[in-house]
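>>> Return atomic coordinates for the entry below.
(2 chains)
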Amino acid sequence: MDYRKLAERLLPGNYPAPESYETLYPPRNLPPKTEVTRLAPSPTGFIHLGNLFSAIADERLAHRSGGVVYLRIEDTDLKRKVDGAVEAVISALKYFDVKFDEGAEIGGDETYAPWYQRQRAEIYRTFAKKLIEEGRAYPCFCTEEELSALREEQTKNKEITGYYGKYAKCRNLSEEEIYKNLDAGKPFVIRLRSLGDPENKFKFHDEIKGDVTVTENDQDVVILKSDGIPTYHFAHAIDDHFMRTTLVIRGEDWLASLPIHIELFRALGFALPRYGHHCSLMKQDGETRRKLSKRKDPELSLEFYRKEGYFPRAVKVYMLTLLNSNFEEWYLKHPDADLNEFPFKADKMSKSGALFDLDKLNDISKNELARLDERGMFAFLKTWADEFGTDAQKAYFAQEDKLLRALALCMGVGGKKRRKDFQTASQAVSLLRYFFERPETYEECRVPDQIRRAVLVDFDKTYDASDDAQTWFGKVKEIAARHGFAAEMKDYKADPAAYCGSVAEVAEILRIAVTGKANTPDLYTIMQILGEDETRARIGLGTK
RNA sequence: GGCCUUGUGGUCAAGCGGUUAAGACGGCGCCCUCUCACGGCGCAAUCCCGGGUUCGAUUCCCGGCAAGGUCACCA
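Next up, the predicted model:
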């Protein structure tokens, strides 16, 4: 068969010489051992945690080695394209402080552009044409119906499904048949003529998983779809070769198609990059665990973290602890070091899927937030409230001075030990409520109503806003004693039966009256921040 | 179903032939000038199972089992 003629018929026109691309996209001028990695999302939905997870690994691996990480958009399937998806990726990378060097909408070195696969149609076709000329690719006229009928039959016969060997009908079409189909205007795809034998297995070194066994590919996979756009497999081989990727980091769901990629690189005459297949984030679902899913799990969406007001650095730290098993230990030892100093390694990445643990994230988030001072916290909360807060919450920020004092108190700034009450911005802001608004509801008080009121009235009589903390507490103790409570905890513990409670209960009465809550930081300071009038007003409300 | 991957406490995990089997999260208990938070101190784990190899196996080998992934003109 005249393959040149066939190639010209299938992909007519003048294409650049394939070799010319080697000079157009020359090997990168980087020292040995530097890695070039990439994040290659498809703009089919909004960026999720899995993308971030991958992006951080890409970024770290590249930059630890002094290399380059770039963003490529795999938009070959326009049916699934979602507007704004690329912008969402860029903005998420920025929000979580993951710095990319070049790529779509990022710019940088233009040598390897364009980064949108739709804009690279010519190069894919050039190489598809080359494969056809060499007899390594052929047109397939099978319809969707034929293909699914084939699949059904194979399934019924318990055979491996797919387009291979004797099932690859169009593989051995005669020249005459091919041209007849073409003349009839039948749509066609271009398939790889696979030379592999699934009986052959070999070891392949994966940078994350270690040695894996790979079965030779024998599937005549589609490389060019009927619209002339490449499939992922083909675009991957060409792009990662010409963008000079050295290390392909991707999800483990790609491991199954590694044989296809290996054959494609060989057929194209390209050197294989190294690969690292990382596990995916899992979620416990009843008895079993499964991949985090876009539909079912809100916590997969990065938007969730923004709305909840998770501190971006906390999310990044958590991703890092999942990504590299020794990160957590390192971070404990070097709490003040730059995250980028951590010696990130591909082979320290987990081999099995980790369950996403919100408790763990929450803990990290508390710790990260506790490292801020009140001004840093103010800024963080304000940014969140401006976008997601209620009007009432936004108003808190107008009272900057008061809010700063409240924050310092709630964070334990200046004390010996930092408090860790704040987990997320949304939770922090609602925790701050009682500084700015009177309680709407009151938590239950353990003390009977009558005594409770009497204590409140008594407090109002003796309260003096100019008292210092010690004097203030001295008065609380006196009130306790007057109403049958133990003024000293020690006394109470020594003989609980002798009292109707301790000074703790008295403090609780006051605390609930003032804040509506049974648990808050130091009550004296809260009253100071509230001011005398407001404090008295709330105490008065409590007696009603 | 075929193929691939994985299997240490509820979770993330260290460990790579001999250990009291680290650590972190969560849980529980106790302690800590008013609660909470912080902090401190404790408690809870038959290393998936069965065979080997070995003086000795969580660690090596084989076989099960379980879980996950994948089998598109989607990526």
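>>> Stretch A:526-534 near RNA strand B anywhere?
No - using Cβ under 7 Å from any atom of the strand, stretch A:526-534 stays clear of RNA strand B, with a minimum separation of 9.3 Å. Bear in mind the C-beta positions are built from the backbone N, C-alpha and C, glycine included.
>>> Would you mind listing the buried residues in that stretch?
A:526-530 (16 or more other Cβ atoms under 10 Å).
>>> could you dump these to CSV with pLDDT and secondary structure?
Formatted as CSV, those follow (pLDDT from 0 to 100; DSSP: H, G, I helix; E, B strand; the rest coil):
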residue, pLDDT, secondary structure
A:526, 97, helix
A:527, 97, helix
A:528, 97, helix
A:529, 97, helix
A:530, 97, helix
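>>> Just the closest of those to RNA strand B, please.
Ranked by distance to RNA strand B (Cβ to the nearest atom of the strand), the buried residues of stretch A:526-534 are led by residue A:526 at 9.3 Å.
>>> Does the closest one touch residue A:517 like I think?
No - counting by Cβ atoms under 8 Å, no contact exists between residue A:526 and residue A:517, whose distance comes to 10.1 Å.
>>> can you list residues touching both of these two?
Listed contacts common to residue A:526 and residue A:517 are residue A:434; contacts here mean Cβ atoms under 8 Å, 6 or more residues apart in numbering.
>>> Now for residue A:481: which residues touch it?
residue A:487.
>>> Show me which residues of the helix or strand where it lies are buried.
Counting by DSSP states H and E, the element that carries residue A:481 is helix A:469-482. Residues of helix A:469-482 classed as buried: A:472-473, A:475-477, A:479-481 (neighbour count, 16+ other Cβ under 10 Å).
>>> of these, closest to RNA strand B?
Ranked by distance to RNA strand B (Cβ to the nearest atom of the strand), the buried residues of helix A:469-482 are led by residue A:473 at 6.0 Å.
>>> still on that earlier bit, what's the first helix or strand after the helix holding residue A:481?
Moving toward the C-terminus from helix A:469-482, the first helix or strand encountered (DSSP H and E) is helix A:489-494.
>>> packing partners for the very next helix or strand once past that following helix?
Using DSSP H and E, the helix or strand that follows helix A:489-494 in sequence is helix A:503-515. Here helix A:503-515 touches helix A:449-462, helix A:469-482, helix A:489-494, helix A:523-530, helix A:532-542, going by 3 or more Cβ pairs under 8 Å, 6 or more residues apart in numbering; DSSP states H and E.
>>> hey, C-alpha coordinates of the host helix or strand of residue A:50 in PDB?
According to DSSP H and E, residue A:50 maps onto helix A:49-64. In PDB, the C-alpha atoms belonging to helix A:49-64 read as follows (Å, rounded to 0.1, in the frame of the first residue of the first chain):
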ATOM      1  CA  LEU A  49      -8.400  19.700  45.700                       C
ATOM      2  CA  GLY A  50      -6.900  16.900  43.600                       C
ATOM      3  CA  ASN A  51      -5.600  19.500  41.200                       C
ATOM      4  CA  LEU A  52      -4.100  21.500  44.000                       C
ATOM      5  CA  PHE A  53      -2.500  18.300  45.400                       C
ATOM      6  CA  SER A  54      -0.900  17.600  42.100                       C
ATOM      7  CA  ALA A  55       0.000  21.200  41.500                       C
ATOM      8  CA  ILE A  56       1.900  21.400  44.700                       C
ATOM      9  CA  ALA A  57       3.900  18.300  43.900                       C
ATOM     10  CA  ASP A  58       4.700  19.600  40.400                       C
ATOM     11  CA  GLU A  59       5.800  22.900  41.800                       C
ATOM     12  CA  ARG A  60       7.900  21.500  44.500                       C
ATOM     13  CA  LEU A  61       9.600  18.900  42.400                       C
ATOM     14  CA  ALA A  62      10.500  21.400  39.700                       C
ATOM     15  CA  HIS A  63      11.700  24.200  42.000                       C
ATOM     16  CA  ARG A  64      13.600  22.000  44.400                       C
END
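>>> mean confidence score for that helix?
The average pLDDT for helix A:49-64 rounds to 95.
>>> Would that helix count as contacting RNA strand B?
No - in terms of Cβ under 7 Å from any atom of the strand, no part of helix A:49-64 sits within range of RNA strand B; the closest distance is 10.5 Å.
>>> name the helices or strands packed onto that helix?
The contact analysis (3+ Cβ pairs under 8 Å, 6+ apart) places helix A:49-64 against strand A:36-39, strand A:68-71, helix A:85-95, strand A:247-251, strand A:274-278, helix A:302-308, helix A:312-323.
>>> partner strands of the first one, parallel or antiparallel?
Okay, so that is strand A:36-39. Paired neighbours of strand A:36-39 in the sheet (DSSP bridges): strand A:68-71 (parallel).
>>> which residues touch the partner strand?
Contact partners of strand A:68-71, identified using Cβ under 8 Å, 6+ apart, comprise A:28, A:30, A:34, A:36-41, A:58-59, A:61-63, A:89-90, A:93, A:100-106, A:108-109, A:112, A:115, A:243.
>>> same thing with stretch A:283-297?
For stretch A:283-297, the external contacting residues (Cβ under 8 Å, 6+ apart) are A:45, A:48-50, A:280-282, A:299-301, A:353, A:355-356.
>>> which parts of it are buried?
A:283, A:291-292, A:297.
>>> Now do that stretch, average pLDDT.
For stretch A:283-297, mean pLDDT is 76.
>>> Centre of the chain to that stretch, how far?
On the basis of Cα atoms, centre = their mean, to the nearest Å, stretch A:283-297 sits 16 Å off its chain's mean C-alpha point.
>>> what's the answer for stretch A:85-103, then?
Distance, centroid of stretch A:85-103 to centroid of chain: 12 Å (Cα atoms, centre = their mean).
>>> Which segments of chain A make up each domain?
Using automatic domain parsing, the domains assigned to chain A come out as A:3-15+A:121-278, A:374-436, A:449-542.
>>> Distance to residue A:368 added to those, as a markdown table?
Shown next, in a markdown table, are the domains of chain A (distance: least, Cβ to Cβ, whole Å):
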| stretch | distance to residue A:368 |
| --- | --- |
| domain A:3-15+A:121-278 | 24 |
| domain A:374-436 | 10 |
| domain A:449-542 | 20 |
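>>> and residue A:310, which of those domains is closest to it?
Nearest to residue A:310, of all the domains of chain A, is domain A:374-436, at 5.3 Å by Cβ to Cβ.
>>> what about that closest one, near RNA strand B?
Yes - applying Cβ under 7 Å from any atom of the strand, one finds domain A:374-436 touching RNA strand B at A:412, A:417-421.
>>> Restricted to buried residues, select these in PyMOL.
Typed into PyMOL, the line below selects the buried ones among the residues of domain A:374-436 next to RNA strand B, using 16+ other Cβ under 10 Å:
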select buried, chain A and resi 412+418+421
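>>> Next step: the residues of domain A:374-436 next to RNA strand B restricted to strands.
Among the residues of domain A:374-436 next to RNA strand B, DSSP state E puts none in strands.
>>> What is the most widely separated pair among the residues of domain A:374-436 next to RNA strand B?
Maximum pairwise distance among these (Cβ to Cβ): 12.2 Å, between A:417 and A:421.
>>> Contacts only, for the residue in the stretch 351-500 of chain A that RNA strand B sits nearest to.
Taking Cβ to the nearest atom of the strand as the measure, the point where the stretch 351-500 of chain A comes nearest RNA strand B is residue A:352, at 3.0 Å. Counting by Cβ under 8 Å, 6+ apart, residue A:352 makes contact with residue A:279.
>>> what's the answer for residue A:64, then?
Taking Cβ under 8 Å, 6+ apart as the criterion, residue A:64 is in contact with A:35, A:343-344.
>>> Then residue A:35?
Residue A:35 neighbours (Cβ under 8 Å, 6+ apart): A:61-62, A:64-65, A:67, A:246-247.
>>> Residue A:176 now?
No contacts exist for residue A:176 under Cβ under 8 Å, 6+ apart.
>>> Surely it is in a helix?
Yes - under DSSP: H, G, I helix; E, B strand; the rest coil, residue A:176 falls within a helix.
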